[in-house]
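In: structure, please.
(one chain, ligands or ions: 1)
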Amino acid sequence: MSKIAVIGTGYVGLTTGACFASLGHDVVCADIDAAKVARLQRGEVPILEAGLDNLVREGIDGGRLSFVVGAATAAADCEFAYLCVPTPQSTDGSADLSYIEDAAREIGPVLGPETVVVNKSTVPVGSTRVVERALGRSDVYVVSNPEFLREGSAIHDFLNPDRIVIGAEDQDAAVRVSSLYLGITAPVIVTDPASAETIKYAANAFLATKISFINAVAAVCEAVGADIKDVALGMGYDTRIGHEFLKPGPGWGGSCFPKDTRAMVRIAEDAGYDFNLLKGVVNVNDEQLNRVAEKIVAQAGGSVQGKVIGVWGLTFKARTDDLRESPSLEIIGRLVERGATVRGFDPSGPGPLEGLEVVDDPYAAVERAHVLAVLTEWDEFRWLDLDKVKDLMAAHKVVDARNLLDRSAFVRRGFEYEGIGRS
Ligand SMILES: NC(=O)c1ccc[n+]([C@@H]2O[C@H](COP(=O)([O-])OP(=O)(O)OC[C@H]3O[C@@H](n4cnc5c(N)ncnc54)[C@H](O)[C@@H]3O)[C@@H](O)[C@H]2O)c1
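Out: Numbering: from 1, shown residues only. Next up is the predicted model:
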């Protein structure tokens with residue numbers, strides 16, 4: 001079993017640390033956020049992620065998982081240092097590598113010889129060199145091992161991955177990284193760092209493309225009187241296409257797709273290729289946010305000025321508390337700009353948010369509302385009392401941007417129901 005330092009305890013770092021500890025490794029997780037570390041030391045998990053609190057507590061109780069402030073403290077005595085820090089979007093669309101460089105500069109002086117520094121953050125081609133330079137060490141290895149987990153099923157995805165990708169110049173270092181995953185059954189792809197880094201961006205770009213594609217087809221369905229649910233079902237049975245990521249919605253968002261698609265456009269541009277297809281995918285997504293906002297405006301009678309819009313779902317998708325680049329918040333912003341009052345509910349229990357009133361009950365969100373907008377696909381929205389919803393609302397209009405609810409149940413009660421891609 002190995003000694004692993006995990007730098008950054010966000011969605012990826014905390015999952016990585018807790019899962020490696022569950023596989024039997026000795027893991028020390030570091031963060032710069034002292035308050036977060038203090039909570040983690042007490043076994044409190046600051047994010048909503050199924051099963052993560054149990055796994056963290058098991059790791060702490062078993063003496064295999066601990067938390068410290070500062071990357072250098074964690075890395076001083078490790079065989080592997082996993083970088084799981086943010087790589088946000090810079091103003092020019094490229095990935096901002098400053099967190100990666102800072103973390104590498106911090107740990108460089110304390111690493112033992114032969115340590116393997118592993119990039120798990122999503123980083124553009126060439127970042128292995130950036131990390132090598134920031135480390136300032138010629139006696140350690142830098143390997144790329146991108147992460148493909150989905151928030152909401154992060155533990156499951158880490159422990160049951162579709163594949164493990166390892167990009168390394170040095171074969172021994174690649175084998176050492178692959179040995180950390182002993183106990184997990186998955187194809188292991190060992191390649192060069194540039195290919196590993198490209199696999200991660202290309203995979204996210206392709207998934208975003210699938211969603212934008214089905215959203216565009218949904219727009220066609222509305223125009224020609226077809227039903228996107230049946231169209232997607234019929235397409236998905238083709239094994240070359242598959243059912244995953246063929247659900248229309250308000251557009252993709254979250255902490256990865258927006259920045260990773262733009263970064264891929266930028267990577268291609270810098271390398272002399274104009275990635276027009278992916279630019280189109282990004283544009284379709286922005287149009288989709290507008291299309292949903294326009295549906296809500298239309299249901300409000302052509303203007304949302306002075307109208308109350310009740311929103312169910314604020315996170316970028318269900319089963320997470322992550323609000324980063326949430327399509328719901330983006331659409332709400334567009335409605336507020338046009339004079340709407342928005343009252344929103346989300347099962348993850350977010351705190352106060354700018355521009356809207358956050359309530360802690362789905363019924364409170366629809367009180368005196370002119371339109372109910374369903375913007376995130378939380379399962380619990382399916383089981384609410386629609387008679388009560390009807391009594392509370394000022395007008396009986398629904399925009400179901402996830403095609404989540406039972407249209408006929410609304411129509412039977414006299415609601416005007418508008419979904420996505422269905423006439
Ligand atoms: N969130 C996802 O679903 C997901 C999936 C796959 C890949 N990724 C990639 O993984 C990376 C991390 O994403 P995330 O969502 O976990 O980010 P996050 O913002 O949730 O967490 C990052 C953590 O790193 C900490 N940090 C920053 N600098 C540090 C330093 N010098 N030392 C110690 N800690 C430091 C921050 O305080 C924060 O707690 C990104 O590159 C992202 O693109 C994310």
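In: for the ligand, what are the nearby residues on the stretch 201-350 of the chain?
Out: Proximity of the stretch 201-350 of the chain to the ligand is confined to 255-256 under the rule CB under 6 Å from any ligand atom. No exception for glycine: its C-beta is placed from N, CA and C like everyone else's.
In: what ranges do the strands span in the stretch 201-350 of the chain?
Out: Along the stretch 201-350 of the chain, counting by DSSP state E, counting those that start in this stretch, strands occupy 308-312, 341-345.
In: out of those, indicate the one that is most buried.
Out: strand 308-312 (a mean of 27; mean count of other CB atoms under 10 Å).
In: got a list of contacts for that one?
Out: With contacts defined as CB atoms under 8 Å, 6 or more residues apart in numbering, strand 308-312 is touched by 296, 300, 328, 332, 335, 340-346, 356, 362, 365-376, 378, 381, 393-394.
In: quick one: strands adjacent to it?
Out: Using DSSP bridges, the strands paired with strand 308-312 are strand 341-345 (parallel), strand 371-374 (parallel).
In: which other residues reach the first one?
Out: Going back to what we said before, that points to strand 341-345. Contact partners of strand 341-345, identified using CB under 8 Å, 6+ apart, comprise 306-314, 328, 332, 335-336, 353, 355-362, 364-367, 369.
In: and what of the last one?
Out: Strand 371-374 is contacted by residues 292, 296, 299-300, 304, 307, 309-313, 331, 365-366, 381, 389, 393, 395, 397-402, 404-405 when judged by CB under 8 Å, 6+ apart.
In: got the CA coordinates for that strand in PDB?
Out: Provided in PDB are the C-alpha atoms of strand 371-374 (Å, rounded to 0.1, in the frame of the first residue of the first chain):
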ATOM      1  CA  VAL A 371     -45.200  30.500 -13.900                       C
ATOM      2  CA  LEU A 372     -43.600  27.500 -12.400                       C
ATOM      3  CA  ALA A 373     -40.200  26.700 -14.000                       C
ATOM      4  CA  VAL A 374     -38.600  23.300 -13.400                       C
END
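In: which strand or helix spans residue 6?
Out: Element membership of residue 6 [criterion: DSSP states H and E] is strand 3-7.
In: next: residue 130.
Out: Following DSSP H and E, one finds residue 130 within helix 127-135.
In: what about that helix, average pLDDT?
Out: When pLDDT is averaged along helix 127-135, the result is 96.
In: that helix and the ligand in contact?
Out: No. Using CB under 6 Å from any ligand atom, helix 127-135 stays clear of the ligand, coming no nearer than 10.1 Å.
In: what sits up against that helix?
Out: Applying CB under 8 Å, 6+ apart, the external contacts of helix 127-135 come out as 83, 97, 100-102, 104-105, 107-108, 111, 117, 119, 123, 142-144, 167, 169, 193, 197.
In: can you select the buried ones from the residues you listed in ChimeraX?
Out: With 16 or more other CB atoms under 10 Å as the criterion, this ChimeraX line picks the buried residues out of the contacts of helix 127-135:
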select :83,97,100,101,104,105,107,108,111,117,119,123,142,143,144,167,193,197
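In: among the contacts of helix 127-135, which are in strands?
Out: 83, 117, 119, 142-144, 167 (DSSP state E).
In: ok, those vs residue 69, which is closest?
Out: residue 83 (16.7 Å; CB to CB).
In: could you tell me which ranges of this protein sit under the pLDDT cut-off?
Out: Counting by pLDDT under 70, the chain shows low-confidence ranges at 423.
In: which residue does it bring closest to the ligand?
Out: residue 10 (1.8 Å; CB to the nearest ligand atom).
In: doesn't residue 215 make contact with residue 228?
Out: No. Using CB atoms under 8 Å, residue 228 is not in contact with residue 215; the gap is 9.1 Å.
In: identify the contacts common to those two.
Out: Going by CB under 8 Å, 6+ apart, residues that sit against residue 228 and also against residue 215 are 248, 420.
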